[in-house]
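S.K.: Show me the folded form of this:
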Amino acid sequence: MFTFTLTFIRHGETQYNRDKLLQGLLKEDKYLRDIKFCKVFVSNLQRAVQTAELILRNNIHCSGMEMFLEPLLRERGFGIAEGRHKQDLKNMANASGQSCRDYTPPGGETLDQVKLRFKNFLQVLFKQMLDMHDVSGQEISSVAQSANDGASSDISPSGLASDGLHGASAHVLVVGHGAYIRVAIRHLVEDLKCGLPAGEKMSQLFSPCPNTGISRFVVTLSRTKSGPVLSAVHCLFTNRKDHLQNLPDSK
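M.R.: Alright, predicted model coming up:
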């Protein structure tokens, strides 16, 4: 078996985000500078690519590292609501008698379509991770064993970027988008029965991801004749924004 951590980060702040619109430009964040990532997967939309470039440029281990631009990580398509104010999307949803989260604007992607893209990405990720490492007979790490036993990981209340990394064999970074990450977390928790931190509220798990918000999972894979199989997945935290505290306001 082989264990790695999977860290999601939403792209940095954009002008559209500041105006509560659905796309835009970013701000820099150095929170992840000390983590040695073995692979970095990035949505091929510009705002995610720019955020990943800044993270790698400021990382003491990964400067100049190759990024894998992955269309499967693109933000949910909002159809005719793309680029419009979020209130417009809420008004459309209300007019249709649906909640904003469940509503699909004309020409947009359904949540199931986004989830399918994420499931396809997981297969790409799992294959690459097992191909990259010799996992024959490898022991489950202490972090993964904790997940398998249903025990919560000891996460520092200080919100350190290294929380939950110790004991895993490798670390993967995924830079993507808010709506997409929310769908991804729901799939991991609801469909893949991800282990949860002790006392974690569902409202926090599924809350909107803030700009540069960070979520982290521990993943354990097994190799079979038919390909990689997920043995266990455990959530360490979701939508963390400790690193945004005490930052100067952007102008």
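S.K.: And for Ala161, the neighbour number?
M.R.: 17 (other C-beta atoms under 10 Å). Every residue, glycine included, has its C-beta placed from N, CA and C.
S.K.: same question, Leu89
M.R.: Leu89 has 21 neighbours, counted by other C-beta under 10 Å.
S.K.: Repeat that for Arg240.
M.R.: 22.
S.K.: Stretch 59-66 spans what distance, first to last residue?
M.R.: Stretch 59-66 stretches 13 Å from its first residue to its last (C-alpha to C-alpha, to the nearest Å).
S.K.: ok, and what's touching it?
M.R.: With contacts defined as C-beta atoms under 8 Å, 6 or more residues apart in numbering, stretch 59-66 is touched by 32-37, 40, 55-57.
S.K.: Buried residues in that stretch, which are they?
M.R.: Of the residues in stretch 59-66, those buried by neighbour count under the rule 16 or more other C-beta atoms under 10 Å are 59, 62, 65.
S.K.: quick one on the thing from earlier: kindly write the ChimeraX command that selects the buried subset of the contacts of stretch 59-66.
M.R.: Applying 16+ other C-beta under 10 Å to the contacts of stretch 59-66, the buried members can be selected in ChimeraX as follows:
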select :32,33,35,37,40,55,56
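S.K.: Columns pLDDT and distance to Gly107 on top of the buried residues of stretch 59-66, output as CSV?
M.R.: Shown next, in CSV, are these (pLDDT from 0 to 100; distance: C-beta to C-beta, whole Å):
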residue, pLDDT, distance to Gly107
Asn59, 90, 38
Cys62, 89, 38
Met65, 91, 36
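S.K.: Can I get those in a markdown table including distance to Phe121 and secondary structure?
M.R.: Below are these laid out as a markdown table (distance: C-beta to C-beta, whole Å; DSSP: H, G, I helix; E, B strand; the rest coil):
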| residue | distance to Phe121 | secondary structure |
| --- | --- | --- |
| Asn59 | 22 | coil |
| Cys62 | 20 | coil |
| Met65 | 19 | coil |
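S.K.: Can you tell me which of those residues is closest to His85?
M.R.: Using C-beta to C-beta, Asn59 is the member of these that lies nearest His85, at 35.1 Å.
S.K.: Low-confidence stretches in this protein?
M.R.: 13-30, 134-159, 242-251 (pLDDT under 70).
S.K.: quick one: which helix or strand includes the residue sitting furthest away from the middle of it?
M.R.: Among the C-alpha atoms of the chain, the one most distant from their mean position (C-alpha atoms, centre = their mean) is that of Ala95, at 31.3 Å. Assigned by DSSP states H and E, Ala95 belongs to helix 86-96.
S.K.: Pull out the buried positions in that helix.
M.R.: Buried residues in helix 86-96, counted by 16+ other C-beta under 10 Å: 89, 92-93.
S.K.: any idea how far Val183 is from the residue farthest from the centre of the chain?
M.R.: The gap separating Ala95 from Val183 is 23 Å, by C-beta to C-beta, to the nearest Å.
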